[in-house]
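> fold the following.
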Amino acid sequence: MKFVLIFGPQAVGKMTVGQELEKITELKLFHNHMTIELVNQFFPYGTKEGNRLVSLFRQEIFEEVSKSKLYGLIFTYVWAFDLQSDWDYIDKICKLFESNGGIVYFVELEAEVGKRLERNKSPNRLEHKPSKRDIEWSEQDLISTMEKYRLNSVEGEITRENYIKINNTAIGSAEAAYIIKEKFQL
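Below is the predicted model:
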């Protein structure tokens, strides 16, 4: 079992790169908004109920997939490096997959904020993430989250062996996916 964690700030291209990686490997994509959008129909994300359900659904999927015969899973996540709770969450997921014999791969994406604001409006993003269709709100959320949290690692912070950091400001999602596939021999 291979667990590929793609992380980075909002609209950096995590889902789109994950979609491309899914096309060229046997990995299945589980982007973070799959649970957010489901739960958001009942309880807004950020509410106590919404957060609990998103967490519950993700955990159940992780547990079943980690024990399955699937080749692997791609999961996308916005990781706030200055929040210990995010570090703990990532550690918990990784330990789950590793305890079942899985190999974990870290893929960090970074891009200039101007490119991220442009990607925030892309048809693919809006199709798969209905909660982002209010562009004014979504742009404000992107900027305020960036100001509040550190959403990319600093040099040497990620010490895992299977780790790559890609600046995808000037490269497309297919090229980024190919780099990931080659780096980790997926």
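> and the closest residue to residue 184 other than its chain neighbours, which of the three is it?
Residue nearest to residue 184 in three dimensions, not counting chain neighbours: residue 105, with 5.1 Å by Cβ to Cβ, 6 or more residues apart in numbering. (C-beta placed from N, C-alpha, C; glycine too.) In three-state terms, and counting by DSSP: H, G, I helix; E, B strand; the rest coil, residue 105 is strand.
> so who does residue 105 touch?
Counting by Cβ atoms under 8 Å, 6 or more residues apart in numbering, residue 105 touches 2, 3, 4, 5, 162, 163, 164, 180, 184, 186.
> buried stuff in the helix or strand bottoming out on mean pLDDT in the chain?
Every helix and strand in the chain was compared by mean pLDDT, DSSP states H and E; the lowest is helix 123-128, with a mean of 77. Neighbour-count burial for helix 123-128, counted by 16 or more other Cβ atoms under 10 Å, picks out 125, 128.
> who are the packing partners of that helix?
When contacts are defined as 3 or more Cβ pairs under 8 Å, 6 or more residues apart in numbering; DSSP states H and E, helix 123-128 packs onto helix 14-24.
> what strands flank the following helix or strand past the helix it packs on, and is each parallel or antiparallel?
Per DSSP states H and E, helix 14-24 leads on to strand 28-30 as the next helix or strand towards the C-terminus. Its sheet considered, strand 28-30 pairs with strand 72-77 (parallel) by DSSP bridges.
> quick one: mean pLDDT for the strand it pairs with?
Averaging pLDDT along strand 72-77 gives 98.
> output it as PDB, nothing but the C-alphas.
Extracted in PDB, the C-alpha atoms of strand 72-77 (Å, rounded to 0.1, in the frame of the first residue of the first chain):
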ATOM      1  CA  GLY A  72      -2.400   3.100  -3.000                       C
ATOM      2  CA  LEU A  73      -4.100   6.300  -2.100                       C
ATOM      3  CA  ILE A  74      -3.500  10.000  -2.800                       C
ATOM      4  CA  PHE A  75      -4.700  12.400  -0.100                       C
ATOM      5  CA  THR A  76      -4.600  16.200  -0.300                       C
ATOM      6  CA  TYR A  77      -4.300  18.400   2.700                       C
END
